[in-house]
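> dropping the sequence and predicted coords here.
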Number of protein chains: 4
Amino acid sequence: PIHDEHLFIVVHQVYELWFRQILYELDSVCELLNIEVNESQADIVMNLLNRIVRILQLMVDQVMVLETMSPLDFRAFRDYLGTSSGFQSVQFRLLENKLGIKKDNRIQYAGVDYKEVFEGDHRKEVEKSENKPTVLQLVDHWLSRTPGLEENGFNFWRRFAFAVTDFLNSLEQQTKKSTDQSSKEELLREREKLFDTFESILVREKHEELVNQGVRRLSYKAMQGALMISLYSDVPRFSQPYQFLQLLMDLESLLTKWRYNHVLLVQRMIGSKAGTGGSSGYQYLRSTVSDRYKVFNDLFNLSTFLIPREYIPPLTRSMAKRLSVGNTLM
Amino acid sequence: PIHDEHLFIVVHQVYELWFRQILYELDSVCELLNIEVNESQADIVMNLLNRIVRILQLMVDQVMVLETMSPLDFRAFRDYLGTSSGFQSVQFRLLENKLGIKKDNRIQYAGVDYKEVFEGDHRKEVEKSENKPTVLQLVDHWLSRTPGLEENGFNFWRRFAFAVTDFLNSLEQQTKKSTDQSSKEELLREREKLFDTFESILVREKHEELVNQGVRRLSYKAMQGALMISLYSDVPRFSQPYQFLQLLMDLESLLTKWRYNHVLLVQRMIGSKAGTGGSSGYQYLRSTVSDRYKVFNDLFNLSTFLIPREYIPPLTRSMAKRLSVGNTLM
Amino acid sequence: PIHDEHLFIVVHQVYELWFRQILYELDSVCELLNIEVNESQADIVMNLLNRIVRILQLMVDQVMVLETMSPLDFRAFRDYLGTSSGFQSVQFRLLENKLGIKKDNRIQYAGVDYKEVFEGDHRKEVEKSENKPTVLQLVDHWLSRTPGLEENGFNFWRRFAFAVTDFLNSLEQQTKKSTDQSSKEELLREREKLFDTFESILVREKHEELVNQGVRRLSYKAMQGALMISLYSDVPRFSQPYQFLQLLMDLESLLTKWRYNHVLLVQRMIGSKAGTGGSSGYQYLRSTVSDRYKVFNDLFNLSTFLIPREYIPPLTRSMAKRLSVGNTLM
Amino acid sequence: PIHDEHLFIVVHQVYELWFRQILYELDSVCELLNIEVNESQADIVMNLLNRIVRILQLMVDQVMVLETMSPLDFRAFRDYLGTSSGFQSVQFRLLENKLGIKKDNRIQYAGVDYKEVFEGDHRKEVEKSENKPTVLQLVDHWLSRTPGLEENGFNFWRRFAFAVTDFLNSLEQQTKKSTDQSSKEELLREREKLFDTFESILVREKHEELVNQGVRRLSYKAMQGALMISLYSDVPRFSQPYQFLQLLMDLESLLTKWRYNHVLLVQRMIGSKAGTGGSSGYQYLRSTVSDRYKVFNDLFNLSTFLIPREYIPPLTRSMAKRLSVGNTLM
């Protein structure tokens, strides 16, 4: 019996306990998001997400404990040739699916479905989890209901489109005044880019093309809600929703950092077989540390569409009143 | 004056102080590695590297302080269109160069040399740093002098080649015994891959091809030294050298994690302009979180070339004696 | 010049930068608490406190960088006999005073006032800071205005006193039913203790005696507000105030942990001179890691006065309505 | 069933797993320390201690996860009156005993032995652990064998006593030259203190008196070894032993920090019943965060007895040679 195997087992038992706790909390979060969330429930959602974030912080650091294993010992209790390609925890797959990683977004390893490694009840459980409502979907629905999006009401999206036009026009005016030819050209190029950027969110077809390409995940309407919350985050009604979006990003950042730390550990323990044909376990895991596996990547990208404070459409009197009280997720 | 600008300035002043301290310690490390390091100096090197690692741990976490800024405020004191593409610290470039990131490995941003953003003395300082001996070079020289590599002595490399052949042969025998046809084929493919893997390090030409492609950084000889230290890490003479290699990896892991945290921060603050043509600041920074920017990537990959304990060539009596005392970097 | 002095200087420059940032943020917090805080300002206060908490987390870990110094080297650039007793940062004293550490609560070192080590402008600045409104005072005023405390209104305190009586009575009934004599006696003793505990907060004279002894810091009225917020934390109106109290405790926990880490560092560097007469720098610093230096200790102790959910006085209809909207600090 | 109970259970299961791993590693450390440790075993000891340190770092941060519980909920699934006084983990008591916390040093809670809360096999296991060799004892024996202590050899202690006398004399000379009367008197007082300090370690009776008072734990001889290692830490032979002492202190620091974080958590969850008679669970736990529970406190205090580099007795030629090679724990 090799001394370090004890550590390997204990560390993975701890991981499984944390996964269990995170799944438990996410189930409650989903249940609450599924109904119309009133204010006191919103506080619960925030607290549970905050708890998950703290657990993930521990998990990120936990990798450092395994780094004290010697690769030679590790190889002695793990197979040398084996196909054990990295991470095969049922609960981790359940977690990914619950968050909203779609089968199609997954990177295939060795040409087989990610479920192949599981058998019996485990296999069924993971299969079932593919069809349950995901956190991403629930967040999408919730964002689509953001007050102020109503076309026959405040119609934020129309106002925002005008504001963007104003902003881009003023940039153009400014650019024209520039006397230095080379900087002028660069500014024009930049303005052109900005135009494309805003078009990609304002024009429904452009947005949906990006969704089809897998670049965006949120629906057209949900993007509007998320942007509205970001631009008016200092209005009482949007304070908690804004914090909620921050927490979703914190959660996803940490999950990605955990993936990355795990990749570095795998590289230290079994190397990467660089220089050989075919992809290695390292390269597969490395490829999961990417925007493809970030279900809330659209939230991280929201700042792309910010406009300066002076261009943000002012709230109407009735809208201001409506948003003046209550921090609530509904 | 915008409230959060104070934070932005203070955080960057702290970063610059830490960069200064790291450069100061790395200068001492280089000085010591440049001469024949005796044992008490080896302890100093280890302590200084350990100190740098602790500073980098702080820097990785420090990003979380900046995440409390509001993107709208951030954009208010930073330019909206500006070309300020991420990170322009002189000291950070000096640090990269001192470690051994070569100009050719750098990813270009907006088609210009990374030094373009600097002027006057700063420019000259960065230029000069490109031609100074790097930590990577000094480590390479030191590894090439690993006792046991002498061809007219223990000749580790020849013994290792034999051991690899033995190991691969035994795998082949084992595979032949397998009765299940499909698993047999997979094992054969795996064995083939392993053969290529070992060939890539054993055959000088193969290794040098990978060096020319930028996939490997260490010289043929230095790879031998690093591998010898890894395989005999439990021999007294190699205990400290093995720890030294671990610390170099810790340092590089943390630097990469810092880059990654910085990327996520940039994405939160200014977005990624995904969906537009041309590469964005985000995409540029994201691309620096890669093996191209890991000067010690070969060390992370060493485990690729481990063989089971029972195949490791036994030390000769005289070699065992030579390695029986002293943990020293020389 | 001794190598490690560079580290010592840099680390302290970083500390001073963080102190500056914390003071800057606390000034804003105080300004906002000083006026009637509306909802969007409340969000700002929360964000700034959260930022301070993150900075303090870095400072706590920063001590580990200094632990890499060798005590022999440290002593070489610091005086052997010198009176340099630990911590003499002007900004740290300003921070303590701004939080609300009173002169009388300070533990004297070597029989002199803590201001003695400062001269000129620094001395004046610290002196002035003793008389400025403190965070503790502002929090006390704010807690005293908690809605629901009005004696001619909901009169929380009266209702709470009744609830406590009910709770204690039921405990007594329960105890009487116990047939085991020894456990009965213990339960009675426990109930007696609980009675004293509740009396110490319910009876104004008892509370004020504890204030005079320096055991409590909050006023009679502020304690009521804090307790009300704790018991009804799931009511929308108290959600943010409850988080606010949590953040104040987080801030103070971290400051205490920083003190403690600093104490351990000092002990490692210069020892404690245990076994000699007179108090040492170590013993002085050790004594500051105590409840005497925790200005928000009353908040940590709030749970002492919790009663089971079923005993908490139900809100009246009008009170429930009043507390049903808005998370705000006012 | 109360939602947060799940978290409470999972967090404690994780704690128990970590305790198990730490005990497992400490058993190996003790086994290795019990025999004459050669160099490669010394490396193993160092690695295992380093691993324990990393696990403890996680445990210290883990408390933050429990801080997300609401005190009201916590009280709902824990007893209100119950005697559950803080920490009752068998494995934690085993850990304390293995490290070397003696029964006599423990602070009694509610007048009963700490073993009272355990029953059956658990009780027996804890009882047995009181009589097993402790890490402290093994470290003491190992320190007593430090090369250079032999009275008929280098006789470090005699040389150190002379060096101290020289140092104190020179301080006296320096003091006499001072013309400022008040500073002169202070310097004299300081010198007097220093004299007492050194006497307390040099004179066997003084030291043993402190041992009897429970102020010191290491034997007279072990103190000599520890001090010798500290003063000559830059000599190859003492490099690893010095690191070993550092790791023991790191381990103990973290254990104390964990205790402290646990105390703050308990205070947040159940308060301290300040103002009542009798000691509370909080006050009991608070009192364990003290030097009484630090078995390696003597190591933290070693710096008390450092003398300036120029006074450290030079090694004889034969001693220098003996200490010139090998970093080993034996």
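Received it, and whenever you're ready, just let me know what you need. Numbering: from 1, shown residues only, chains lettered A, B, ... in the order given.
> A:Leu218 is in what secondary structure piece?
Using DSSP states H and E, A:Leu218 is not contained in any helix or strand.
> any idea how far A:Tyr242 is from the residue nearest to it when sequence neighbours are not counted?
Sequence neighbours aside, A:Asp298 is the residue nearest to A:Leu218 in space, at 4.5 Å (criterion: Cβ to Cβ, 6 or more residues apart in numbering or on different chains). For the C-beta atoms, the positions are set from N, CA and C on the backbone; glycine is no exception. When Cβ to Cβ, to the nearest Å is the yardstick, A:Asp298 and A:Tyr242 sit 15 Å from each other.
> these two: who's more crowded?
Neighbour tally, A:Asp298 and A:Tyr242, criterion other Cβ atoms under 10 Å in any protein chain shown: the higher count belongs to A:Asp298, 25 against 19.
> my guess is that one contacts A:Ser219. True?
No - A:Asp298 is beyond contact range of A:Ser219, at 9.9 Å (criterion: Cβ atoms under 8 Å).
> go ahead and confirm A:Ile312 touches A:Val164.
No - using Cβ under 8 Å, A:Ile312 is not in contact with A:Val164, being 10.6 Å away.
> around chain D, which positions in chain A sit nearby?
Residues of chain A that fall close to chain D, judged by Cβ under 8 Å from any Cβ of the partner chain: A:3, A:6-7, A:10, A:13-14, A:17-18, A:20-21, A:24, A:28, A:47, A:50-51, A:54-55, A:57-58, A:61-62, A:64-65, A:68, A:70.
> let's see 7 Å
A:3, A:6-7, A:10, A:13-14, A:17, A:20-21, A:24, A:28, A:47, A:50-51, A:54-55, A:58, A:61-62, A:64-65, A:68 (Cβ under 7 Å from any Cβ of the partner chain).
> so where's the longest helix in chain A?
When every helix of chain A is counted residue by residue (DSSP state H), the longest turns out to be helix A:236-270.
> chain center to it: distance?
With Cα atoms, centre = their mean, to the nearest Å as the basis, helix A:236-270 stands 8 Å off its chain's centre.
> buried stuff in the very next helix or strand once past it?
Tracing the chain C-terminally past helix A:236-270 and defining elements by DSSP H and E, one meets helix A:281-288 next. Residues A:Gly281, A:Tyr282, A:Gln283, A:Tyr284, A:Leu285, A:Arg286, A:Thr288 are the ones in helix A:281-288 that count as buried (16 or more other Cβ atoms under 10 Å in any protein chain shown).
> re earlier: which of A:Ile312 and A:Val164 has more residues huddled nearby?
Here A:Ile312 and A:Val164 are compared on neighbour count by other Cβ under 10 Å; more neighbours surround A:Val164, at 20 against 16.
> and the gap between that one and C:Val90?
Distance of A:Val164 to C:Val90, computed by Cβ to Cβ: 49 Å.
> which residue is it, in the stretch 1-150 of chain A, that comes closest to chain B?
For the stretch 1-150 of chain A, the residue closest to chain B is A:Pro71, as judged by Cβ to the nearest Cβ, at 4.3 Å.
> so the residue nearest to that residue when sequence neighbours are not counted versus B:Asn297, what's the distance?
Distance criterion Cβ to Cβ, 6+ apart; nearest residue to A:Pro71, sequence neighbours excluded, is B:Ser303 at 4.3 Å. Remark: distance between B:Ser303 and B:Asn297 (Cβ to Cβ) = 12 Å.
> output stretch A:312-327 as PDB, nothing but the C-alphas.
Provided in PDB are the C-alpha atoms of stretch A:312-327 (Å, rounded to 0.1, in the frame of the first residue of the first chain):
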ATOM      1  CA  ILE A 312     -28.000  56.400 -20.400                       C
ATOM      2  CA  PRO A 313     -31.700  57.100 -21.000                       C
ATOM      3  CA  PRO A 314     -33.200  58.900 -18.000                       C
ATOM      4  CA  LEU A 315     -36.000  57.100 -16.300                       C
ATOM      5  CA  THR A 316     -39.500  58.500 -16.700                       C
ATOM      6  CA  ARG A 317     -41.200  59.700 -13.600                       C
ATOM      7  CA  SER A 318     -43.400  56.700 -13.300                       C
ATOM      8  CA  MET A 319     -40.500  54.300 -14.100                       C
ATOM      9  CA  ALA A 320     -38.400  56.000 -11.500                       C
ATOM     10  CA  LYS A 321     -41.100  55.600  -8.900                       C
ATOM     11  CA  ARG A 322     -41.600  51.900  -9.900                       C
ATOM     12  CA  LEU A 323     -37.900  51.300  -9.400                       C
ATOM     13  CA  SER A 324     -37.500  53.400  -6.300                       C
ATOM     14  CA  VAL A 325     -38.400  50.700  -3.700                       C
ATOM     15  CA  GLY A 326     -37.500  47.200  -3.000                       C
ATOM     16  CA  ASN A 327     -34.600  45.200  -3.800                       C
END
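> how about that stretch: buried residues?
For stretch A:312-327, burial by neighbour count (16+ other Cβ under 10 Å) applies to A:Ile312, A:Pro313, A:Leu315, A:Met319, A:Arg322, A:Leu323, A:Ser324, A:Val325, A:Gly326, A:Asn327.
> pull the residues that contact stretch A:295-312.
The contact list for stretch A:295-312 (Cβ atoms under 7 Å, 6 or more residues apart in numbering or on different chains) reads A:99-101, A:136, A:163-164, A:166-167, A:197-198, A:201, A:216-218, A:223, A:226-227, A:230-231, A:245, A:248-249, A:252, A:291, B:71-72, B:75-76, B:80, B:267-274.
> among the residues you listed, name the buried ones.
Of the contacts of stretch A:295-312, these count as buried by 16+ other Cβ under 10 Å: A:99-101, A:136, A:163-164, A:167, A:197-198, A:201, A:216-218, A:223, A:226-227, A:230-231, A:245, A:248-249, A:252, A:291, B:71-72, B:75-76, B:267-274.
> so what does the residue sitting nearest the centre point of chain A have for phi and psi?
Of all residues in chain A, the one closest to the mean position by Cα atoms, centre = their mean is A:Phe296, 2.4 Å from it. Per-residue torsions, A:Phe296: phi -100, psi 30 (degrees, to the nearest 10).
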